[in-house]
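> predicted coordinates and the sequence they were generated for:
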Amino acid sequence: MANLVALAVARHVHAGIDVRQAGVRAAAGPLTVYGSRETHSSVQKAVELLGLGTDWYRLIPVDDEYRVDVAALYQRLRADRADGAVPLCVIGNLGTVNTGAIDDLDALADLCEAEKVWFHVDGAFGAAAAMVPAYAAQTRAMARGDSVAFDLHKWLHMPFEAGCVLVRDAEAHRHTFSIFPDYLKRSTRGVAGGDLWLSEYGVQLSRGFRALKVWMSLKEHGADKYGRLVAQNIEQARYLADQVRGAPDLELMAPVPLNIVCFRWNDGSGLDGEILDAINQEILLQLHERGIAVPSNAVLGGRFCIRVSITNHRSRREDFDLLAREVRRIGAECSAGIAQTKGAPSGL
């Protein structure tokens, strides 16, 4: 919802028309949105719901660290503009969903200022790293965004759901959604009094009091404590990455800029890529089914890998020792089974 709200405001500001009155069909050309191939699927949903169409959602290549290729993005934006499209918004990722990569937000902000397009920062979980002093420099550039989205139910341990979007231009934000039928007329007195109606800043009219749990949690624990817990998870991710690097039969699949570690079992014996994928899928399932751990998965460079996103304040280093040990053990068992049958891994 936070990304949807931000993109709705971007559409309202940069479509070049009164999009609420005339609709997107009245624009001078297709309204285009840009993000890396690692951008969260919620952005695609927002593009679809806003009537922009996925044909005009540009997925830009990434570099070896899974950050958006800014030069490629610029070239595509300029080419689209030359073809008659209307560049609307660029998404910058502060912690991608697969690997935790942080795009070059300053470079994206410069590009958006020069090209006069909306700059939205998706900091779904990565924005929480701003609470860690050591990461202040890496996250500071999100303040240059026209809008920033983040979820407090991810890395700040709050109950579902607790998402937030910040929009720099309050008037543009309100004008995107405000509507005043007779039954919503303001008053200077009574329960209809007051200048701020949250229904004017989003899709929902009736809404739950999500902010209460956020306010109470921050009052109880304080921002410094949350920052220490975020830093602890980052250190645990580095620890797990070191465990992977030190094991002859484990392979780190991506850099570890924040709290996500992507790796796989690979004993280096030259197994076919599809067999390795099947072994690692089986490892993941057995980790779940045996109650050992509950990592998720990612596909990076076309290869299946185990994805560990560390956001639990109760996690300990021995949990990651156990995980690495069990991945190695299950991987060896699966490999031995393949050697015995001398067949495909379909029956792992």
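Everything's here; your move.
> where does this structure dip in pLDDT?
Scanning the chain for pLDDT under 70 picks out the ranges 339-348.
> not counting its own residues, what contacts the helix ranked longest in it?
As assigned by DSSP state H, the longest helix anywhere in the chain is helix 317-341. Residues from elsewhere that reach helix 317-341 (C-beta atoms under 8 Å, 6 or more residues apart in numbering): 236, 239-240, 243-244, 247, 249-250, 263, 265, 267, 269, 271, 275, 279-280, 282-283, 286-287, 292-293, 295, 306, 308, 345, 347-348. Placement of C-beta: from N, CA and C, glycine included.
> now swap in stretch 23-30 and tell me
For stretch 23-30, contacts defined as C-beta under 8 Å, 6+ apart pick out 11, 15-17, 19, 31, 50-53, 55-56, 83-86.
> repeat that for stretch 284-291.
The contact list for stretch 284-291 (C-beta under 8 Å, 6+ apart) reads Ile292, Ala293, Val294, Pro295, Asn297, Ile306, Leu323, Glu326, Val327, Ile330.
> among the residues you listed, who's most crowded?
Most neighbours among the contacts of stretch 284-291, by other C-beta atoms under 10 Å: Val327, with 27 neighbours.
> first to last residue in stretch 184-202, what's the distance?
For stretch 184-202, the first-to-last residue distance is 15 Å (C-alpha to C-alpha, to the nearest Å).
> which residues touch it?
Applying C-beta under 8 Å, 6+ apart, the contact partners of stretch 184-202 are Met1, Val5, His173, Arg174, Phe177, Ser178, Ile179, Phe180, Leu205, Arg207.
> now it: buried residues?
Within stretch 184-202, the residues scored as buried using 16 or more other C-beta atoms under 10 Å are Glu200, Tyr201, Gly202.
> closest one of those residues to Arg76?
Using C-beta to C-beta, Gly202 comes nearest to Arg76 of the buried residues of stretch 184-202, at 30.4 Å.
> that older thread, list just the nearest of the contacts of stretch 284-291 to Ser217.
Distances from Ser217 to the contacts of stretch 284-291, taken by C-beta to C-beta, are shortest for Val294, at 23.8 Å.
> which residues in this structure form strands?
Applying DSSP state E to the chain gives strands spanning 31-36, 57-60, 86-93, 118-122, 147-151, 163-167, 250-252, 260-265, 296-300, 303-309.
> out of those strands, the one nearest Val132 is which?
Of all these, strand 147-151 sits nearest to Val132, with 14.4 Å by C-beta to C-beta.
> partner strands of the closest one and their direction?
Neighbouring strands of strand 147-151 in its sheet, by DSSP bridges, are strand 118-122 (parallel), strand 163-167 (antiparallel).
> rebuild those strands as CSV, extending it with mean neighbour count and distance to Tyr226.
Listed next are the strands paired with strand 147-151 as CSV, based on neighbours: other C-beta atoms under 10 Å; distance: least, C-beta to C-beta, whole Å:
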stretch, mean neighbour count, distance to Tyr226
strand 118-122, 28, 20
strand 163-167, 19, 14
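> and those as CSV, adding distance to Leu184?
Listed next are those as CSV, based on distance: least, C-beta to C-beta, whole Å:
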stretch, distance to Leu184
strand 118-122, 28
strand 163-167, 21
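> what about Leu212, how many residues nearby?
Leu212 has 10 neighbours, counted by other C-beta under 10 Å.
> now Cys89
Here the number of neighbours of Cys89 (other C-beta under 10 Å) works out to 28.
> identify the residues contacting the nearest residue to Gly95 once chain neighbours are set aside.
Of all residues not flanking Gly95 in the chain, Gly126 sits nearest, at 2.1 Å (C-beta to C-beta, 6 or more residues apart in numbering). Taking C-beta under 8 Å, 6+ apart as the criterion, Gly126 is in contact with Asn93, Leu94, Gly95, Thr96, Gly100, Ile102, Thr139, Phe150, Leu258.
> residues contacting the closest residue in space to the last one that isn't next to it in sequence?
When you say that, I think you mean Leu258. Excluding the flanking residues, the one nearest Leu258 by C-beta to C-beta, 6+ apart is Gly100, at 3.7 Å. The contact partners of Gly100, taken as C-beta under 8 Å, 6+ apart, are Gly126, Val256, Pro257, Leu258, Asn259, Ile260, Ser309.
> of those, closest to Arg168?
The nearest one, if we look at those relative to Arg168 and count by C-beta to C-beta, is Gly126, at 19.1 Å.
> any idea how far that closest one is from Pro257?
Between Gly126 and Pro257 the distance, using C-beta to C-beta, to the nearest Å, works out to 9 Å.
> do the same with His12
According to C-beta to C-beta, His12 stands 33 Å off from Pro257.
> again, but for Ala26
Computed as C-beta to C-beta, the Ala26 to Pro257 distance reads 42 Å.
> and these two? Which one has more around it.
Set Ala26 next to Pro257 and count neighbours by other C-beta under 10 Å: Pro257 wins out with 21 against 12.
> about what we covered before: what is the orientation angle of the longest helix of the chain with strand 260-265?
Orientation check (axes from the mean of the first three to the mean of the last three C-alpha atoms, to 10 degrees): helix 317-341 against strand 260-265 gives 30 degrees.
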